[in-house]
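> predicted structure and sequence below. I'll ask about it afterward.
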Amino acid sequence: MSIRTLRAPTTLARGRLGLLNHSVWLRLVGLGALLELWLWGLMVFVAGPFGREEFTRSPLAARWPVMADTARLIFSPSWLSRAFVLNKDWLQVVILALLFYGAALIAALACALAKSLSQPGQRHLFVILGGALLLGGTFLLIPGFPTQDIFSYIFYGRMAVLHHANPLTAVPNQFPNDPFLSTVFWRNTPSVYGPTWLALSDVLTWLAEAWGGSLATYVFLFKSTSLLFHLANAAVIWSILTVLAPQRRVMGTLLYAWNPLALLEFAGSGHNDAVMLFFFLLGVWSLVRNHELLALLAFALALDTKFILLILLPFYFWYVVRELPPAAMVRGALWRLGLLFGVCACFYLPYWDGLHTLSSLISSPPTQGLRDSLLEMIDWPLRQVLARLPGWSEGSSAALALVIMKALAGLIFLVAWLRLFPGVRSRKRLFLAWWWALFLYLSIASGWFVPWYGTWLLAVAAFYPLDDLTTATQLLTGGVLILYVLDPLPLSSLHGIRALLAFGPAIIYLLWRRFRAQPDRAATRQYAATA
């Protein structure tokens with residue numbers, strides 16, 4: 001048999017593989033187009049039949065009213081002119097929920113389809129990023145904000161640049177003559193964000209003022225910046241998977257880049273979690289390429305944006321020192337901790353004004369109250385029990401219930417968190433511990449939950465194959481969208497019911513998989529055990 005005869009099947013197989021990949025890519029692009037049309041329908045519905053005061057109107061929608069104009073062409077005048085009535089308009093609520101869930105389902109189908117792709121190239125990354133840019137551009141024109149955080153971001157930047165105040169110690173109400181104060185919800189709260197984000201806010205404020213200083217300009221700059229960081233995060237995930245698992249680059253990058261929750265929170269609401277995730281992912285990118293000093297610098301910048309990495313970095317320190325002799329283990333941990341927190345401290349120096357500079361981390365509303373968390377399900381019955389005790393008023397029983405719940409939840413989380421350390425025996429086990437630490441924190445320890453916290457899990461789940469963890473992540477990021485539908489409908493008066501609807505699908509799925517012992521779990525363990 002000749003060499004040409006031996007090579008013929010290989011060439012034919014490659015040709016068939018190329019045709020298969022081409023077909024898959026065409027279907028993937030089709031799903032992307034369907035998702036874009038679906039999101040347009042979602043935005044038009046929000047602009048029309050579901051329009052309500054709780055969705056803060058976007059100044060961009062007033063400047064470019066394309067969604068509102070489309071709604072007027074589609075829906076009857078009676079649906080558009082009549083005020084939304086919370087107790088009666090359940091049809092609109094159901095339709096909006098289906099639109100949210102439908103978007104999450106289309107994105108999940110795209111990930112499942114991408115699982116069959118092999119030998120992805122750089123051009124495929126540009127297709128994914130182009131799709132994310134198109135999808136995110138739709139959310140830039142969202143007619144209303146589901147949250148008002150972006151106005152706080154804008155005001156903290158104005159406090160530093162225009163009023164020469166320290167956002168970590170001053171509060172918005174100290175500047176009553178600022179024309180943007182009326183847009184801010186947390187007017188008596190200093191910034192809970194670190195100097196990395198504050199420095200970026202200053203830059204965006206300078207740019208906005210140079211371009212006219214209108215509220216629409218500010219909103220466009222802050223939202224566009226979050227969208228650009230979202231695209232950068234997708235590119236970093238692709239680069240990380242190029243080292244970890246090249247055959248999964250498309251699926252992992254799509255999981256993050258086209259996720260409707262991430263697109264809504266970053267391009268739609270402009271949340272700064274995209275910035276925090278960028279530095280976190282940059283740190284992971286540095287780790288997989290053995291640039292540890294760069295990784296520590298990136299992790300410090302992430303910590304100086306938001307502090308959630310405090311529950312993740314101990315696993316990294318344990319991973320790198322676990323096999324060293326005791327003395328070397330102590331030295332290795334100390335120099336890494338010293339470098340990490342030294343960099344964090346250097347960035348805090350321009351804002352430092354004594355220990356009360358960090359007071360917002362303790363006194364901010366998320367640390368003092370409950371919102372859409374599973375703890376809220378326990379809060380109401382516990383308060384009722386304590387209120388029946390002799391000498392306990394309603395206010396004191398509520399305060400004690402909060403303390404008891406947070407203490408018990410913190411203890412349970414700490415035990416579960418510590419149990420993750422023995423399994424951190426490889427780099428991929430490190431990622432597994434990170435995912436579980438975030439999931440346990442969100443579902444157990446966090447008394448204050450808002451939908452964009454779910455994007456944290458996406459950044460870690462993207463490193464894994466399409467298995468239990470990625471499926472649970474998709475269920476959670478799709479499930480938490482219900483919070484935007486139900487708030488503030490009468491159903492929200494049932495304590496914790498919204499949190500149960502948001503977290504329930506992911507938790508039920510994980511419990512079902514735990515007791516069914518399906519092959520996916522074995523595949524996950526085998527994947528995580530490999531170095």
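It's in.

> hmm, which helix or strand of this protein has the shakiest average pLDDT?
helix 519-529 (a mean of 53; mean pLDDT, DSSP states H and E).

> name the residues of the one helix or strand residue 216 maps to that are buried.
Under the criterion of DSSP states H and E, residue 216 resides in helix 215-244. Going by neighbour count (16 or more other C-beta atoms under 10 Å), the buried part of helix 215-244 is 215-241, 244. Placement of C-beta: from N, CA and C, glycine included.

> that helix - what's its average pLDDT?
Average pLDDT, helix 215-244: 95.

> what's near enough to touch residue 39?
Residue 39 makes contact with 103, 135, 138, 139, 260, 263 under the criterion C-beta atoms under 8 Å, 6 or more residues apart in numbering.

> nearest residue to residue 105 other than its sequence neighbours?
Leaving aside its chain neighbours, residue 105 sits nearest to residue 478 (7.5 Å; criterion: C-beta to C-beta, 6 or more residues apart in numbering).

> and residue 453, how far from residue 276?
Distance, residue 453 to residue 276, by C-beta to C-beta, to the nearest Å: 11 Å.

> and those two? Which one has more around it.
Comparing residue 453 with residue 276 by other C-beta atoms under 10 Å, the one with more neighbours is residue 276, at 27 against 23.

> do you know how far that one is from residue 121?
In terms of C-beta to C-beta, residue 276 sits 30 Å off from residue 121.

> residue 187 now?
When distance is defined by C-beta to C-beta, residue 187 is 51 Å away from residue 121.

> among these two, which residue is more densely surrounded?
The residue with more neighbours, out of residue 187 and residue 121, is residue 187; 15 against 10, by other C-beta under 10 Å.

> which residues touch the more buried one?
171, 172, 173, 181.

> would you list the phi and psi of the first one?
As for residue 171, its main-chain torsions (degrees, to the nearest 10) stand at phi -120, psi 160.

> same question, the last one
Recorded main-chain torsions at residue 181 are phi -60, psi -30, according to degrees, to the nearest 10.

> how close does it get to residue 215?
12 Å.

> now the third one
Using C-beta to C-beta, we find residue 173 at a distance of 19 Å from residue 215.

> mind listing the strands for the protein?
56-57, 144-145 (DSSP state E).

> give me the spatial nearest neighbour of residue 95, chain neighbours excluded.
In space, residue 95 is closest to residue 45, 6.6 Å off (C-beta to C-beta, 6+ apart).

> verify the stated contact: that neighbour with residue 96.
Yes. Assessed by C-beta atoms under 8 Å, residue 45 is found in contact with residue 96 at 6.3 Å.

> apart from its neighbours in sequence, what residue is nearest residue 504?
residue 479 (6.9 Å).

> pretty sure the one you found is in contact with residue 499, am I right?
No. Here residue 479 does not reach residue 499: they are 9.9 Å apart, not a contact under C-beta under 8 Å.

> before we move on, the earlier item: export the strands of the chain as CSV, with columns for distance to residue 209 and mean neighbour count.
Formatted as CSV, these follow (distance: least, C-beta to C-beta, whole Å; neighbours: other C-beta atoms under 10 Å):
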stretch, distance to residue 209, mean neighbour count
strand 56-57, 23, 15
strand 144-145, 22, 21
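
> can you flag the weakest of those by average pLDDT?
Among the strands of the chain, strand 56-57 scores lowest, with a mean of 67.

> so what pLDDT did residue 285 get?
At residue 285, pLDDT is 96.

> make that residue 68, sorry
Residue 68 carries a pLDDT score of 78 in this model.

> next one: it from residue 434, what distance?
Residue 68 is 42 Å from residue 434, where distance means C-beta to C-beta.

> looking at these two, which has the bigger crowd around it?
Shown here are residue 68 and residue 434; by other C-beta under 10 Å, residue 434 has more neighbours (26 against 20).

> can you tell me which residues contact that one?
So residue 434 contacts 312, 315, 460 (C-beta under 8 Å, 6+ apart).

> contacts only, for the residue positioned nearest the centre of the chain.
By C-alpha atoms, centre = their mean, the chain has its centre lying nearest to residue 455, at 2.0 Å. Counting by C-beta under 8 Å, 6+ apart, residue 455 makes contact with 259, 261, 262, 265, 266, 271, 273, 274, 277, 477.

> now it, nearest residue through space, not along the chain?
Leaving aside its sequence neighbours, residue 455 sits nearest to residue 262 (C-beta to C-beta, 6+ apart; 5.0 Å).

> now residue 452
Closest to residue 452 by C-beta to C-beta, 6+ apart is residue 265, at 4.0 Å.

> nothing else from me, thank you.
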